[in-house]
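Student: below are the sequence and a predicted model for it; my questions follow.
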Amino acid sequence: MNFEEMLAARTQEAEDVLKKYLPKKEGFQEKVLEAMHYSIFAGGKRLRPVLMKESYVLFGGQSKIVEPFMAALEMIHNYSLVHDDLPDMDNDAYRRGRETTWRVYGAGMAVLAGDALLNYAFETAGRAFSMIGRVSGYTDGQGHAEDALHLYEAVGQALQILAQKAGVYGMVGGQCADLCAEGLPAEEVTDALLLYIHKNKTAALIEAAMMIGALLAGADAAFVSVMEKVAQNVGMAFQIQDDILDVTGSTEVLGKQTGSDEKNQKVTYVSLNGLEQARKDVRRMSEEAMEGLRALPVRSPFLEELIRNLITREK
């Protein structure tokens, strides 16, 4: 298969994992479950679960224990989008080519859908503990107790990474800084502030994806740190490219409103540094990410091509 075919297959795999773990639309809470499904299955690249699975495979992972974390991370990502689109946040009417969750279900139900996705994400990730006996061989009496112990520790550490990267020292912290920056005079929005926003608002969940994948596969702490740095460069370049596309792209191609940053009077990496410098920094961060991957003792041509593709995308 060529790269596009491999990407389509991996994206479909991530989609199937989500379908397996997302709860059915039923009961007196059916409306919020329906809004959750609407938010999750509105398309999307499934970038984070794909990156997690590829990082897992890169370090030799072979079991399904990564799947609850794949689903959980995508739930967290989509909850953040639901809340980001709300009238009191970015006030966006369209995402991925269709109306945003709050436009279809109302702002109150959209808040609940986001809350539900966040809570259900950790309920889902926690299921990995119950899979340990089946994937480690601990229950077969063949002396695999040490393997099981290491896996219990890895799952616990993965939950900590997921919570930290999604919380006030990660994505939520970045969202906070982004919201506060909207009220600042343009001259007070510095490069340092914008880089903090990009590192936390966007890169943090990509860091979680690649770190958790490596960790669950048994990578040592040094390699997990390398994956964190690679992912940080990928995430920041990805977000700067998003800022570029908000200026140069079209609603028809992107499937969402363009020019929203200017409409909301937001200072962006492009407005602060100019289009050409933004493009140069995207290329620099991309190369730093590739150097990090090439320094590992294992290689994944698909993962390297995926990162190149994400950073140079046109939509």
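Tutor: Great, that's in hand. These numbers come from a predicted model, not from an experiment.

Student: what helix or strand is the residue nearest to K229 when sequence neighbours are not counted on?
Tutor: Counting by Cβ to Cβ, 6 or more residues apart in numbering, G292 is the residue found nearest to K229 once chain neighbours are left out, at 5.6 Å. Bear in mind the C-beta positions are built from the backbone N, C-alpha and C, glycine included. According to DSSP states H and E, G292 maps onto helix 275-294.

Student: how much space separates the residue nearest to K229 from A204?
Tutor: Using Cβ to Cβ, to the nearest Å, G292 is found at 17 Å from A204.

Student: related to what we said a few turns ago, which strands and helices sit next to the helix holding G292?
Tutor: The elements that helix 275-294 packs onto, with contact taken as 3 or more Cβ pairs under 8 Å, 6 or more residues apart in numbering; DSSP states H and E, are helix 221-248, helix 269-273, helix 301-311.

Student: buried set for the first one?
Tutor: Across helix 221-248, burial judged by 16 or more other Cβ atoms under 10 Å covers 223-224, 226-228, 230-246.

Student: cool, and stretch 147-163?
Tutor: Result for stretch 147-163 [16+ other Cβ under 10 Å]: buried residues 147-148, 151, 154-155, 157-159, 161-163.

Student: CA atoms of it as PDB?
Tutor: C-alpha atoms of stretch 147-163 as PDB (Å, rounded to 0.1, in the frame of the first residue of the first chain):
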ATOM      1  CA  ASP A 147       5.700  -8.500  33.200                       C
ATOM      2  CA  ALA A 148       2.300  -7.800  34.700                       C
ATOM      3  CA  LEU A 149       3.700  -5.500  37.400                       C
ATOM      4  CA  HIS A 150       5.500  -3.500  34.800                       C
ATOM      5  CA  LEU A 151       2.300  -3.200  32.800                       C
ATOM      6  CA  TYR A 152       0.300  -2.100  35.800                       C
ATOM      7  CA  GLU A 153       2.900   0.600  36.400                       C
ATOM      8  CA  ALA A 154       2.800   1.600  32.800                       C
ATOM      9  CA  VAL A 155      -1.000   1.900  32.700                       C
ATOM     10  CA  GLY A 156      -0.900   4.000  35.900                       C
ATOM     11  CA  GLN A 157       1.800   6.300  34.400                       C
ATOM     12  CA  ALA A 158      -0.200   6.600  31.200                       C
ATOM     13  CA  LEU A 159      -3.200   7.700  33.100                       C
ATOM     14  CA  GLN A 160      -1.100  10.400  34.800                       C
ATOM     15  CA  ILE A 161       0.200  11.600  31.500                       C
ATOM     16  CA  LEU A 162      -3.300  11.700  30.000                       C
ATOM     17  CA  ALA A 163      -4.600  13.700  33.000                       C
END
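
Student: can you tell me which residues contact A208?
Tutor: 48, 73, 161-162, 165-166, 170 (Cβ atoms under 8 Å, 6 or more residues apart in numbering).
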